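[1] coords please:
(2 chains)
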Amino acid sequence: DSGVTQTPKHLITATGQRVTLRCSPRSGDLSVYWYQQSLDQGLQFLIQYYNGEERAKGNILERFSAQQFPDLHSELNLSSLELGDSALYFCASSSGPDRGHGYTFGSGTRLTVV
Amino acid sequence: GQQVMQIPQYQHVQEGEDFTTYCNSSTTLSNIQWYKQRPGGHPVFLIQLVKSGEVKKQKRLTFQFGEAKKNSSLHITATQTTDVGTYFCAGLKGGSQGNLIFGKGTKLSVKP
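    I've put the predicted structure just below:
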């Protein structure tokens, strides 16, 4: 157990639908990051939150949105799903990668769009 | 935008052989981190390099950060089957809020 909890672990849904992925960061970590990993692809940065505020945006589609709540858990909302959105979605948390602490990743949510 | 390139994409070795993966950034990095992702698992932080020319060792793993802080390498001596997985480098640009840019990774397979 890495300390970062992601739910659900697996999700199968139809095209056009909307899903919500949830992440609880490691205790004490204020930063939450969302990454998308497609088959044989690297980790594509989607978005970062720090203590409830959006800090950085990566290659996140307009159909996707996220937020971080006062208790620091985060949700990634994916809407109007397409087949190409099928991927592993990782959440990671950190206390600050520029202070020698790496990211702690959750186990991921595997999304399959059919 | 900033890119982190990693080669090779795949590497197949016989157990006992050495393995090296290389990482290059288009811009100067304030630090670089390395992660390992086992098949079916999630990325796990291995190490961070901060100083120009820095070399760090973890048992059979040797990590280097280039003098210009634009490139890095991970070398594994005498690979074992437990080394199987994908190794990612990730760069943090100076002044960044903490957003790491990951390379595409090198997938290592080890034949016993």
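[2] Need phi/psi at the nearest residue to A:Ser93 once chain neighbours are set aside.
    Once flanking residues are discounted, A:Ser93 sits nearest to A:Pro25: 3.3 Å by CB to CB, 6 or more residues apart in numbering or on different chains. For glycine as for every other residue, the C-beta is placed from the backbone atoms N, C-alpha and C. Torsion angles at A:Pro25 (phi, psi; degrees, to the nearest 10) stand at phi -70, psi 170.
[3] so who does A:Pro25 touch?
    Listed by CB atoms under 8 Å, 6 or more residues apart in numbering or on different chains, the contact set of A:Pro25 reads A:4, A:31-32, A:72-74, A:91, A:93, A:104.
[4] ok, of those residues, which one's closest to chain B?
    Nearest to chain B among the contacts of A:Pro25: A:Ser31, at 5.9 Å, using CB to the nearest CB.
[5] just how off-centre is the helix or strand harbouring A:Tyr35 within its chain?
    Using DSSP states H and E, A:Tyr35 sits in strand A:31-37. Relative to its chain's centre, strand A:31-37 lies at 4 Å (CA atoms, centre = their mean, to the nearest Å).
[6] tell me the centre residue of chain B?
    Among the residues of chain B, B:Cys89 comes closest to the average C-alpha position under CA atoms, centre = their mean, at 3.9 Å.
[7] Give me the three-state assignment for that one.
    Classification of B:Cys89 using DSSP: H, G, I helix; E, B strand; the rest coil returns strand.
[8] Not counting sequence-adjacent ones, nearest residue to it?
    Nearest non-adjacent residue to B:Cys89, counting by CB to CB, 6+ apart: B:Cys23, 3.5 Å away.
[9] From the contact counts, what lies against the strand holding A:Tyr35?
    Packing partners of strand A:31-37 (3 or more CB pairs under 8 Å, 6 or more residues apart in numbering or on different chains; DSSP states H and E): strand A:43-50, strand A:74-78, strand A:87-94.
[10] How about stretch B:9-17 and chain A, touching?
    No. Using CB under 8 Å from any CB of the partner chain, stretch B:9-17 stays clear of chain A, coming no nearer than 8.5 Å.
[11] Same question for that stretch: list its buried residues.
    Across stretch B:9-17, burial judged by 16 or more other CB atoms under 10 Å in any protein chain shown covers B:11, B:13.
[12] for stretch B:21-34, same thing?
    B:21-25, B:29, B:31-34.
[13] So which of these is the closest to chain A?
    B:Gln33 (5.3 Å).
[14] Go ahead and confirm the closest one touches B:Val50.
    No. At 9.8 Å, B:Gln33 does not count as touching B:Val50 under the criterion of CB atoms under 8 Å.
[15] Any stretches of the chain with poor pLDDT?
    Going with chain A. A:40, A:96-100 (pLDDT under 70).
[16] Not quite, go with chain B.
    Low-confidence segments of chain B (pLDDT under 70): B:1-2, B:94-98.
[17] who in it is up against chain A?
    Near chain A, when you scan chain B using CB under 8 Å from any CB, you find B:6, B:30-31, B:33, B:35, B:41-48, B:50, B:88, B:90, B:92, B:96-105, B:107.
[18] Just the buried residues out of those, in PyMOL syntax.
    Of the residues of chain B next to chain A, the buried ones go into a single PyMOL selection, burial set by 16+ other CB under 10 Å:
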select buried, chain B and resi 6+31+33+35+42+43+44+45+46+47+48+50+88+90+92+96+98+99+100+101+102+103+104+105+107
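[19] Please consider this matter closed, and thank you.
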